[in-house]
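Engineer: Any chance you could fold what I've pasted below:
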Amino acid sequence: MAARGRCPECGSGSLVEDAHYAQQQLVCAACGCVLSEGLLTTTYTDEEHLREVAYSQSTGQKEQLSRCLQRGTRRVQDLCKVLQLPAVFEETAVSYLQRALQLPAFRLVSLQKKELLGGCCVLVTCRQHRWPLTMGTLCSLLYAPQELFAGVLLSLQRELGLSVPALSLADLVTTHLSSFRLVQPTAGVPAPFLEDKDKLLARTMAIVELASETWLVTGRHPVPVVTAAAFLAWQSLRPGPRLRCPLARFCRLAGVDLPPPAHLRLRELLDILLGMASQLSWLRGFRLDSKTVVKHVGDLLQHWLFLLKHAFSQQHGEEHQDTAPGHGCKDKDSGDKDSLGQDSPGQGSGRPSAGAQVRGGSRRPLLPPCLLRPRKRLQPAAPSAAGAAVTGDEPISDSEIEQYLRSPEEIRAFRKAKAW
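Structural biologist: Below you'll find the model as predicted:
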């Protein structure tokens, strides 16, 4: 496009306007001299009014940050839609995201951490509003490793000074059971295995409370405990067709992962139930095992305070010497096979079950499993040949003794004893 005027360098009048990289420039077609550079129109308000702004006043410098903010906002909105969160949760999470992206700590991090930042904002918002949401759920939605997600979450809390309350065990049970396919008609799940969600939740909560009172939750990951409690609750609500279903198949039908320690937590829960069942008068004539005790879980939970008090000693030192550590608790090598493919207590092994111990008059103390079944300690290293020769009875020379004598009184006492 030709323009009026002449070039100050060569005097040519052939001046043209050239849109160089979307920036208007006035250039001499004869010698190539740039007479003037145009301005940018990068803000929506100025473009609507056809006003030109300089680059330093435009949004070009913040283009990268705004793009990250837009992508993070869309990610937060998508997560809120998938999780069906209220609108106020979305607004709070977006505000946290905006504050975080303004900090230098989140500007120079990797792209993967920036993508997880929106999920961390959603998790913080849900925890602050007591909405049951776990880190594992968000990691599965974002296809992210939990270690990386936890690192970004801790950085967000530290940089913004946010207070994030921990998820209670009751909220975790509600969240974990809501994802079970056994609580809703699903293809591939037999009809006898379907269960009402409210009944399963109430029974599982009662078993988890019992586990908490018997030291089975303290210092352990809660998911295996909740999985084992849900399995027992599911079996006890309809024991006829479900007793033959093992824990692994139960998790496959429910559509959840089987955590490896869940088998151990199930054994410990069954041992507690067997000890409590020995105190029910109408069950004393039966020989209970890990299968038959599941049928009476409802009665045991109804009177669990009384049964727990009479089945186990409440004092740590009471009868601890008469009952060997590990009595009443199954170890890894038990005898009779149960629904887990493991051994039932009291059958096929030389050690009586917890119920048999209580009937016999001895009660094991109600202690944490780590005290009842302590792990094997590492054997001390064999002493060296030089060290093996030292017995501690070797004579000490006078020069060595004088090194430890400080006061004149000690010296006189030593000389007097030596002379004597």
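Engineer: just for the protein, where's the confidence low?
Structural biologist: 1-4, 18-24, 37-66, 313-364, 375-392, 398-406 (pLDDT under 70).
Engineer: Longest helix in it, please.
Structural biologist: Counting residues, the longest helix found in the chain (DSSP state H) is helix 63-83.
Engineer: in the stretch 251-400 of the chain, which spans are strands?
Structural biologist: 336-337, 343-344 (DSSP state E, counting those that start in this stretch).
Engineer: before we move on, back to that, which is the next helix or strand following the longest helix of the chain?
Structural biologist: Per DSSP states H and E, helix 63-83 leads on to helix 87-101 as the next helix or strand towards the C-terminus.
Engineer: CA atoms only for that following helix, dumped as CSV, please.
Structural biologist: This file holds the C-alpha atoms of helix 87-101, laid out as CSV (Å, rounded to 0.1, in the frame of the first residue of the first chain):
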residue,chain,number,x,y,z
ALA,A,87,-20.6,-23.3,42.0
VAL,A,88,-19.1,-21.7,45.1
PHE,A,89,-16.4,-24.4,45.1
GLU,A,90,-15.5,-23.6,41.5
GLU,A,91,-15.2,-19.8,42.3
THR,A,92,-13.0,-20.5,45.3
ALA,A,93,-10.7,-22.9,43.5
VAL,A,94,-10.3,-20.4,40.6
SER,A,95,-9.4,-17.6,43.0
TYR,A,96,-6.7,-19.8,44.6
LEU,A,97,-5.4,-20.6,41.1
GLN,A,98,-5.1,-16.9,40.2
ARG,A,99,-3.3,-16.1,43.4
ALA,A,100,-0.9,-19.0,42.9
LEU,A,101,0.0,-18.1,39.4
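Engineer: and it, what does it pack onto?
Structural biologist: helix 63-83, helix 111-128, helix 146-160 (3 or more Cβ pairs under 8 Å, 6 or more residues apart in numbering; DSSP states H and E). For every residue, glycine as well, the C-beta is placed using N, CA and C.
Engineer: how about 6 Å then?
Structural biologist: helix 63-83, helix 111-128 (3 or more Cβ pairs under 6 Å, 6 or more residues apart in numbering; DSSP states H and E).
Engineer: quick revisit: helices and strands around the longest helix of the chain, which ones?
Structural biologist: Using 3+ Cβ pairs under 6 Å, 6+ apart: helix 63-83 touches helix 87-101, helix 111-128.
Engineer: I'd like to know which of those is closest to residue 284.
Structural biologist: Minimum separation from residue 284 across the helices and strands packed on helix 63-83 (Cβ to Cβ) falls at helix 111-128, 47.2 Å.
Engineer: ok, and what's touching that closest one?
Structural biologist: 68, 72, 75-76, 79, 89, 92-93, 96-97, 100, 133, 138, 142, 144, 149, 152-153, 156, 162, 164-165 (Cβ atoms under 6 Å, 6 or more residues apart in numbering).
Engineer: Which helix or strand lies directly C-terminal to it?
Structural biologist: Taking DSSP H and E, what comes next after helix 111-128 is helix 135-142.
Engineer: Give the buried residues for that next one.
Structural biologist: 135, 137-139, 142 (16 or more other Cβ atoms under 10 Å).
Engineer: Could you do stretch 271-283 as well?
Structural biologist: Result for stretch 271-283 [16+ other Cβ under 10 Å]: buried residues 271-280, 283.
Engineer: Now do that stretch: distance from first to last residue.
Structural biologist: In stretch 271-283, first residue to last residue: 16 Å (Cα to Cα, to the nearest Å).
Engineer: Verify the contact between residue 231 and residue 250 for me.
Structural biologist: Yes - with contact defined as Cβ atoms under 6 Å, residue 231 counts as touching residue 250 (5.2 Å).
Engineer: Show me which of the two is the more surrounded one.
Structural biologist: Counted by other Cβ atoms under 10 Å, residue 231 and residue 250 do not tie: residue 231 has more neighbours, with 27 against 22.
Engineer: Return the list of helices and strands in contact with the helix or strand hosting the more buried one.
Structural biologist: Using DSSP H and E, the element containing residue 231 is helix 222-237. Helices and strands touching helix 222-237, by 3+ Cβ pairs under 6 Å, 6+ apart, are helix 169-178, helix 197-213, helix 262-277.
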